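Enquirer: got a predicted model here, sequence first, then my questions.
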Amino acid sequence: MALTGKLTKKLVENLGAGRHGDGGGLYLVVDPSGARRWIVRVVVKGQKNLKGAPLRTDFGLGGADVVTLNQARERALEYRRMAKQGLNPRFNASREIPCFEEVARQVHIDRMPTWKNDKHGAQWINTLRDYAFPKIGRMPVDSIGQPEVLMCLSPIWTDKHETARRLAQRIKIVLDVAKSKGFRSGENPVTAIQDAQVLPKVKAKPKHHNAMAWQDVPAFYADLKNRDAMSAKALMFTCLTGSRTGEVLGTPWSEIDLEARLWTCPAVRMKGGVVHRVPLSDEMMAIIEPLRAMQSEYVFEGQKRHQPLSNMAMLMLLRRMQVESVTVHGFRSTFRDWASENANVAYEVSEMSLAHKVGSAVERAYARSDLLEKRRSLMEQWSRYVTSGEPSAGV
């Protein structure tokens, strides 16, 4: 006969953030991120805490996605029985060892608030789903050693090295979490494999985005200016700012200060995780100011109201213009080449314009200026060159 309490399966699935009691010391804890987990609070008979009061303590029973309501009640009852006998469940409970997939999915849920965006979170679990779960997903997490990890990594280590490297990192995290919860002991097999250099060294081949020669940009830009599509406006702005596709397309008006002629992209939207300020030239202002009349949440609105353009919009525009050998991201390289070869600009100014880190960590700690005014001058020169082919003086 199943144990009963205040909660139901439907409540477990739908209750909002907070701690929800089932009775008998069992609680469902719902985090703001939506992650759901069970805890049980017990008082261990005859034992005192550091203040001399009865020893009251909480124990995690696992995530609600892998531990059902009835299982949580049964485990909570087991813990209460031990506590009444004076046995601390932390040292006496017999726990079932979860499988690798159960732990991995719980780790994924727990880390949801830390993902930069939903896409990164999905990539994290999908890598494990595709390459680890089919081979070790149902194995008890304490039985996974080097041979099992190698079963996942070896088939893709050379052909898909970057994927394999990320897979290794994610398997390591899951096994480290399992150890911290008492489900494993000993060295992490991923660490052992890396330290012993069991897998061959793979020399990564750098992938460069195809870029337009800076000498060709003025003619290309003139063609863009004759187009009314929103994707053309976005591509013009991308070309002038040297920014990444996602940074431009995801720009809300709240990041734009028209009076100060400044675009401030927050750390959460930047690849490097650092706030980046972009000084807006006359030409940049001329692109975005008319778009204000649309009263959209985003500067470059797509087909849906208050939604940005698709990530593919600018690339598709290039294809329609029959510019086949160039990528949108490549305009960053175009700007960098122009700055070096034509503007004769200081290295740190051009690098900071692209939101690249300059110098060592120690050097960055002392040189905290983002050289905004020097970059403002550089961006104005770049805009003048792009719109007219006018040569530049050094910055």
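Expert: Yep, it's here.

Enquirer: Pro189 versus Leu354, what's the distance?
Expert: 39 Å (C-beta to C-beta, to the nearest Å). Where you see a C-beta, it was placed from the backbone N, CA and C, and this is true even at glycine.

Enquirer: need the three-state assignment for Val42.
Expert: Val42 carries the three-state label strand when classified by DSSP: H, G, I helix; E, B strand; the rest coil.

Enquirer: that one touches Arg56, doesn't it?
Expert: Yes. In this structure, Val42 is within contact of Arg56 by C-beta atoms under 8 Å, at 7.3 Å.

Enquirer: those two: which has the busier surroundings?
Expert: Comparing Val42 with Arg56 by neighbour count (other C-beta atoms under 10 Å), the higher total belongs to Val42, at 22 against 13.

Enquirer: can you read off the pLDDT for the closest residue to the more buried one other than its chain neighbours?
Expert: Spatial nearest neighbour of Val42, excluding adjacent residues (C-beta to C-beta, 6 or more residues apart in numbering): Ala83 at 3.9 Å. At Ala83 the predicted local confidence, pLDDT, stands at 83.

Enquirer: which element is Ala83 on?
Expert: helix 69-84 (DSSP states H and E).

Enquirer: so which elements touch that helix?
Expert: strand 18-23, strand 26-30, strand 36-48, strand 54-63, helix 89-92 (3 or more C-beta pairs under 8 Å, 6 or more residues apart in numbering; DSSP states H and E).

Enquirer: next one: the third one to chain centre, how far?
Expert: Centroid separation for strand 36-48 versus its chain: 35 Å, with C-alpha atoms, centre = their mean, to the nearest Å.

Enquirer: check the fourth one too.
Expert: The gap between where strand 54-63 is centred and where its chain is centred comes out at 31 Å by C-alpha atoms, centre = their mean.

Enquirer: picking up where we left off before, what angle sits between the helix holding Ala83 and strand 36-48?
Expert: Using axes from the mean of the first three to the mean of the last three C-alpha atoms, to 10 degrees, one finds that helix 69-84 and strand 36-48 are set 10 degrees apart in direction.

Enquirer: show me what counts as buried in helix 69-84.
Expert: Residues of helix 69-84 classed as buried by neighbour count (16 or more other C-beta atoms under 10 Å): Leu69, Ala72, Arg73, Arg75, Ala76, Glu78, Tyr79, Arg80, Met82, Ala83.

Enquirer: out of the residues you listed, which one sits closest to Phe183?
Expert: Distance ranking of these against Phe183, using C-beta to C-beta, places Arg75 first at 14.6 Å.

Enquirer: quick one: that closest one and Pro54, what's the gap?
Expert: 22 Å.

Enquirer: same deal with Asn226?
Expert: For Asn226, the distance to Pro54 - C-beta to C-beta - is 80 Å.

Enquirer: do the same with Val29
Expert: Val29 is 22 Å from Pro54, by C-beta to C-beta.

Enquirer: who has more neighbours out of the two?
Expert: Between Val29 and Pro54, counted using other C-beta under 10 Å, the more crowded position is Val29 (16 against 11).
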